[in-house]
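[1] Build me a structure from this.
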Amino acid sequence: MDVELVKLFAQHLGVRYEYVKTSWGTCIEDLTGLKVKTQNDDVQIVGKAPVKGDVIANGFTILPWRKKVVAFSQPTFPTQVWLIARADSSVKPIMPMGKIAQDIAATKKLIKRRTLLGKPNTCLDPSLYKLEQTGVKAKLFQGDLNELAPAIINGEAEMTLLDVPDALIALDKWPGQIKVIGPITSKQTMAFAFAKTSPQLLKEFNAFLEICRNNGTYLELVKKYYPAVMDYYPIFFKKNQLHQ
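    Numbers count the residues shown, from 1 in each chain. Next up is the predicted model:
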């Protein structure tokens with residue numbers, strides 16, 4: 001979805017779209033030219049790097065520490081971090097209590113002494129949510145995000161963290177092999193990220209996104225790639241995104 005959206009943005013600007021390969025560990029430095037070191041919500045600039053691109057457009061969750069080093073667009077997608085387990089796990093999904101803080105606490109109680117895959121330098125890093133305090137056996141995964149679900153299916157760990165877009169795809173792709181246990185975070189949003197030195201480009205993107213919301217292009221992309229997400233987050237799409 002994000003790739004199609006950024007291609008349309010390039011057309012809107014009248015420029016050539018060019019894909020620049022990066023990684024979760026280097027995408028911020030590839031955008032900003034700054035190497036950063038993070039610990040929870042603290043960020044330290046530790047060096048400089050070549051600038052390789054103009055925008056991060058790949059399911060980039062808005063996190064407090066990221067806001068210190070990049071400029072985010074208006075939200076493009078709702079998300080949340082969920083705890084996912086193999087279907088044969090003895091851990092059962094929580095019963096929602098109506099309050100997200102209670103649901104998160106209930107979910108965290110279930111991971112003590114369990115093995116959990118996380119992904120460093122992403123919103124799926126267990127250290128962001130202080131999961132080590134629960135007694136979980138966290139393992140940092142070196143593969144791609146879309147390989148986390150098959151990794152637990154294949155027995156590399158009993159559980160993993162997934163954000164909503166990846167979880168919805170995984171549930172559809174491997175039906176009956178994984179299950180959602182509960183939330184690890186409250187509701188979050190994703191957005192495109194720009195260097196703080198590119199305010200005009202950010203302004204242009206926000207204006208373009210508004211056009212896409214109003215003419216139906218945005219909703220068509222959501223229905224194409226993530227049709228089930230509107231069942232989980234109807235308020236986001238009704239109130240925050242669609243102006244038709």
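
[2] drop to CA atoms for contacts and neighbour counts, all remaining ones
    Noted.

[3] Domain-wise, how is the protein divided?
    2-77+188-241, 81-183 (automatic domain parsing).

[4] Give the other helices and strands that the longest helix along the chain contacts.
    Longest helix in the chain, counting residues (DSSP state H): helix 199-215. Under the contact criterion of 3 or more CA pairs under 8 Å, 6 or more residues apart in numbering; DSSP states H and E, helix 199-215 touches helix 2-13, helix 217-225.

[5] who touches the last one?
    Put plainly, it is helix 217-225. 1, 209, 212-213, 242 (CA atoms under 8 Å, 6 or more residues apart in numbering).

[6] Also the longest one?
    Under the criterion CA under 8 Å, 6+ apart, residues 16-17, 57-59, 205, 208 lie in contact with helix 2-13.

[7] again, only this time at 7 Å
    16-17, 57-58, 208 (CA atoms under 7 Å, 6 or more residues apart in numbering).

[8] Show me which positions of that helix end up buried.
    Across helix 2-13, burial judged by 16 or more other CA atoms under 10 Å covers 2, 5-9.

[9] try the shortest one
    For helix 217-225, the buried set under the neighbour-count rule, 16+ other CA under 10 Å, comprises 218-219, 221-222.

[10] Going by distance to A106, which of those wins?
    V222 (30.8 Å; CA to CA).

[11] Look at Q142 and give its secondary structure.
    coil (DSSP: H, G, I helix; E, B strand; the rest coil).

[12] List the residues that contact it.
    Counting by CA under 7 Å, 6+ apart, Q142 has contacts K119.

[13] Recalculate using a threshold of 10 Å.
    117-120, 148 (CA atoms under 10 Å, 6 or more residues apart in numbering).

[14] just L148 next, same as before
    84, 117-119, 141-142, 154, 156-157, 159-162, 166-167, 170.

[15] Out of those, which sit inside helices?
    Per DSSP H, the subset of the contacts of L148 in helices is 166-167, 170.

[16] of these, closest to T185?
    Nearest member of these to T185, counting by CA to CA, is A167, at 14.1 Å.

[17] give me the number of residues near that closest one?
    Counted with other CA atoms under 10 Å, residues neighbouring A167 total 24.

[18] same deal with M159?
    30.

[19] what's across from it in the sheet?
    M159 has the following beta-bridge partners by DSSP bridges: A85, L116.

[20] Need the nearest residue in space to the residue nearest in space to the middle of the chain, chain neighbours excluded.
    Taking CA atoms, centre = their mean, the centroid of the chain lies closest to T61, which sits 4.4 Å from it. Closest residue to T61 apart from its sequence neighbours, by CA to CA, 6 or more residues apart in numbering: M190 at 4.2 Å.

[21] residues in contact with that neighbour?
    57-63, 72-80.

[22] May I have stretch 132-139 as CSV, with CA atoms only?
    Extracted C-alpha coordinates of stretch 132-139, given in CSV (Å, rounded to 0.1, in the frame of the first residue of the first chain):
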residue,chain,number,x,y,z
GLU,A,132,12.2,-8.0,30.3
GLN,A,133,10.5,-7.0,33.6
THR,A,134,7.9,-9.8,33.0
GLY,A,135,10.4,-12.6,33.0
VAL,A,136,10.1,-13.3,29.3
LYS,A,137,12.9,-14.9,27.4
ALA,A,138,13.3,-12.4,24.6
LYS,A,139,15.2,-13.3,21.4
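
[23] Many thanks, have a good one.
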